[in-house]
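# Sequence and predicted structure below; questions after.
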Protein chains: 2
Amino acid sequence: MKPYLIQVLKELALLGAINNRVEISSGELAAQIKTSQQTASRYLLELDEMGLIGRELGVKKQMIRITEEGANVLRDEYTQYQRIFELPEKIYLSGVVTSGMGEGRYYIEQKGYKIQFKEKLGFIPYPGTLNIEIKPVDRNKIRLLKKTDVIRINSFKSGDRTFGEVRCFPATINDVECVLVLPARGHYSTVLEFISPVSLREKLNLKDGDNINITVSLPREGERCYEE
Amino acid sequence: MKPYLIQVLKELALLGAINNRVEISSGELAAQIKTSQQTASRYLLELDEMGLIGRELGVKKQMIRITEEGANVLRDEYTQYQRIFELPEKIYLSGVVTSGMGEGRYYIEQKGYKIQFKEKLGFIPYPGTLNIEIKPVDRNKIRLLKKTDVIRINSFKSGDRTFGEVRCFPATINDVECVLVLPARGHYSTVLEFISPVSLREKLNLKDGDNINITVSLPREGERCYEE
DNA sequence: ATTACTAGTAAGCGAGTAT
DNA sequence: TATACTCGCTTACTAGTAA
């Protein structure tokens, strides 16, 4: 979808072309979007061919109406802006199922973690984590999570070693509820670990390489903290 | 403002670049917006030169943050989408002060209208209308108004002639409250007439040719009616 | 008046590559 | 690895104009 066509569609929508036909000549549209009449005419032809607008050409002007499909294009844009400005409650990620090397399992089996999971999450996790590899660029979204404070699992000592603090976020994978577990310290990884009372791999019938969609819930506004 | 730059800015914002710095290479951005690394690099240069983003170039990746100015560009876009989808309570117009030929005055001085103005608007208008010429393309917005029902002034007979039904809409001109009066029948005009208890021309200190901004309030959702 | 075609020009794109 | 330059190619633009 060409960006300039979205802009034109938006302009038509602002004139009311979503719920009504709108009377506008290519010259008028051109003035509105500050381009030439010829270009405006071409835009309308393109939008028409793509089925995003409908036109009734009269002898003089034309009546234009945005189609359902065209309205959907704009609605999608609107949704994106809402995600930007409406201090989102969720972030959206997609990723691929991978196999870790069983370290996730080793960690969550530690008594010091298990007690806290039971207390703060209300369940003892199935012994094993579901590892999801996300796109490197989406680590920026994880960055946001690291600054928030949802459910905090404290660090503890066991024998000679220390197990670090981790943070938990209510999440869904393909609409199944689970919990994202992030180490509070350390470098950003492209692999996320999820836990649940039951085996997510079985419940979701997943195998390595499967694509899945993730949503992660963010805490309420007041608890949010940003840089600087 | 080039449409494709807005799209890129939006993409960065979706990664969280408004409140945080975001770590992204030109190649990653390219993949995100489905273009080449070179083009993505050029986009970032353009946005940087325009002051819409700030960059910290490291040896490897770069940290990007949307500036206040950049955020404003996106906020303006968002506002436009809100006007499209949030079933607006107001429509926004701009226009130029013109002189009619005194017909407005003739009409509102009619007793049949005056009684109804007093009853339904709560005031007897200053004897004269403020005429505002709008852009022809904005008649589409007026079209929306014609389908709504805010304050209806009934037609009446006086002597041998009939005075038609008119509709009134709460409005503001340069933030001063007034009332837009539209004939219920007849062709769309590019000249709108406004009334008020006092002389709007004096109160706003207007002369012919002055540019003014208008907002017109629409009725609540339930009362709205669309074509078809 | 319009819409929209043609043709010449300008802007945008991406492969190759320097840094 | 990165970023971002050059340059040939493609796409988009507008003036002129036909319908």
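In hand now; what should we look at?

# which bits of chain A sit near DNA strand C?
For chain A, the residues in contact with DNA strand C (C-beta under 7 Å from any atom of the strand) are A:25-28, A:37-38, A:41, A:44-45, A:57, A:60-62. (Each C-beta comes from the backbone N, C-alpha and C, glycine too.)

# if you set the cut-off to 6 Å instead, what comes out?
A:25-27, A:37-38, A:41, A:44-45, A:57, A:60-62 (C-beta under 6 Å from any atom of the strand).

# outside of the helix or strand harbouring residue A:13, which residues touch it?
Using DSSP states H and E, the element containing residue A:13 is helix A:3-14. Outside helix A:3-14, the residues within contact range by C-beta atoms under 8 Å, 6 or more residues apart in numbering or on different chains are A:22, A:24, A:29, A:32-33, A:40, A:43-44, A:46-47, A:50, A:52-53, A:64, A:66, A:70-71, A:73-74, A:77, B:3-4, B:6-7, B:80-81, B:83-84.

# Just the buried residues of those residues.
A:22, A:24, A:29, A:32-33, A:40, A:43-44, A:47, A:50, A:52-53, A:64, A:66, A:70-71, A:73-74, A:77, B:4, B:6-7, B:80-81, B:83-84 (16 or more other C-beta atoms under 10 Å in any protein chain shown).

# what number of residues lie near residue A:111?
10 (other C-beta atoms under 10 Å in any protein chain shown).

# you'd agree it is up against residue A:163?
No: contact criterion C-beta atoms under 8 Å: residue A:111 and residue A:163 do not qualify, at 10.0 Å.

# Convert the longest helix along chain A to PDB, retaining C-alpha atoms only.
In chain A, taking DSSP state H as the definition, the longest helix is helix A:68-85. Taking Å, rounded to 0.1, in the frame of the first residue of the first chain, the C-alpha atoms of helix A:68-85 are listed here in PDB:
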ATOM      1  CA  GLU A  68     -15.600  -0.800   3.000                       C
ATOM      2  CA  GLU A  69     -12.200  -1.900   1.900                       C
ATOM      3  CA  GLY A  70     -10.900   1.600   1.800                       C
ATOM      4  CA  ALA A  71     -12.300   2.300   5.300                       C
ATOM      5  CA  ASN A  72     -10.500  -0.800   6.600                       C
ATOM      6  CA  VAL A  73      -7.200   0.600   5.300                       C
ATOM      7  CA  LEU A  74      -7.800   3.800   7.300                       C
ATOM      8  CA  ARG A  75      -9.000   1.900  10.300                       C
ATOM      9  CA  ASP A  76      -5.800  -0.100  10.300                       C
ATOM     10  CA  GLU A  77      -3.800   3.100  10.300                       C
ATOM     11  CA  TYR A  78      -5.900   4.500  13.100                       C
ATOM     12  CA  THR A  79      -5.300   1.400  15.200                       C
ATOM     13  CA  GLN A  80      -1.600   1.900  14.800                       C
ATOM     14  CA  TYR A  81      -1.800   5.400  16.000                       C
ATOM     15  CA  GLN A  82      -3.900   4.300  18.900                       C
ATOM     16  CA  ARG A  83      -1.100   1.800  19.800                       C
ATOM     17  CA  ILE A  84       1.300   4.700  19.700                       C
ATOM     18  CA  PHE A  85      -0.500   7.200  21.800                       C
END
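
# Packing partners of it?
Judged by 3 or more C-beta pairs under 8 Å, 6 or more residues apart in numbering or on different chains; DSSP states H and E, the packing partners of helix A:68-85 are helix A:3-14, helix B:3-14, helix B:68-85.

# Tell me how far the lowest-mean-pLDDT helix or strand in chain A lies from the chain's centre.
Taking mean pLDDT, DSSP states H and E as the measure, helix A:139-146 is the helix or strand of chain A with the lowest mean score, a mean of 83. Relative to its parent chain, helix A:139-146 has a centroid offset of 12 Å by C-alpha atoms, centre = their mean, to the nearest Å.

# So is that helix next to chain B?
Yes: Helix A:139-146 reaches chain B (C-beta under 8 Å from any C-beta of the partner chain) through A:139-141, A:143-144.

# Check which helix or strand residue A:96 maps to.
Under the assignment here (DSSP H and E), residue A:96 is part of strand A:90-98.

# The very next helix or strand once past that strand: which residues count as buried?
Using DSSP H and E, the helix or strand that follows strand A:90-98 in sequence is helix A:103-108. For helix A:103-108, a neighbour-count test (16+ other C-beta under 10 Å) marks A:104, A:107-108 as buried.

# Looking at the residues of helix A:139-146 next to chain B, spot the one nearest residue A:190.
residue A:139 (6.3 Å; C-beta to C-beta).

# who's in contact with the helix or strand that contains residue A:171?
Residue A:171 is part of strand A:166-173, with elements assigned from DSSP H and E. The contact list for strand A:166-173 (C-beta under 8 Å, 6+ apart) reads A:113, A:120-121, A:130, A:132, A:145-146, A:148-153, A:177-184, A:194, A:200, A:204, A:212-218.

# Show me the residues you listed that map onto strands.
Using DSSP state E, the members of those that fall within strands are A:130, A:132, A:151-153, A:177-183, A:194, A:212-217.

# Any quick ChimeraX command for the buried ones out of the residues you listed?
Selection of the buried residues among the ones in strands among the contacts of strand A:166-173 in ChimeraX, burial being defined by 16+ other C-beta under 10 Å:
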select /A:130,132,151,153,178,179,180,181,182,183,194,212,214,215,216,217
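
# who touches the spatially most central residue of chain A in this structure?
Nearest to the geometric centre of chain A sits residue A:92, at 2.2 Å (C-alpha atoms, centre = their mean). Residue A:92 makes contact with A:83, A:213-215, according to C-beta under 8 Å, 6+ apart.

# Next: residue A:150.
Applying C-beta under 8 Å, 6+ apart, the residues near residue A:150 are A:167-170, A:217-219, A:223.

# In three-state terms, label residue A:46 for me.
helix (DSSP: H, G, I helix; E, B strand; the rest coil).

# how close does it get to residue B:61?
37 Å (C-beta to C-beta, to the nearest Å).

# do the same with residue A:92
Applying C-beta to C-beta, the value for residue A:92 to residue B:61 is 23 Å.

# same question, residue A:54
To residue B:61, residue A:54 is 46 Å away according to C-beta to C-beta.

# got it, and residue A:64?
45 Å.

# Name the spans of chain A whose pLDDT lies under the cut-off.
A:87, A:220-228 (pLDDT under 70).

# From the centre of it, point out the most distant residue.
residue A:59 (47.0 Å).

# Would you double-check that it falls in a helix?
No: with three-state DSSP as the criterion, residue A:59 is coil rather than part of a helix.

# which residues touch it?
Residues in contact with residue A:59 (C-beta under 8 Å, 6+ apart): none are found.

# for it, phi and psi?
Per-residue torsions, residue A:59: phi -70, psi -40 (degrees, to the nearest 10).

# Just give the closest residue to residue A:109, not the sequence neighbours.
residue A:127 (5.6 Å; C-beta to C-beta, 6 or more residues apart in numbering or on different chains).
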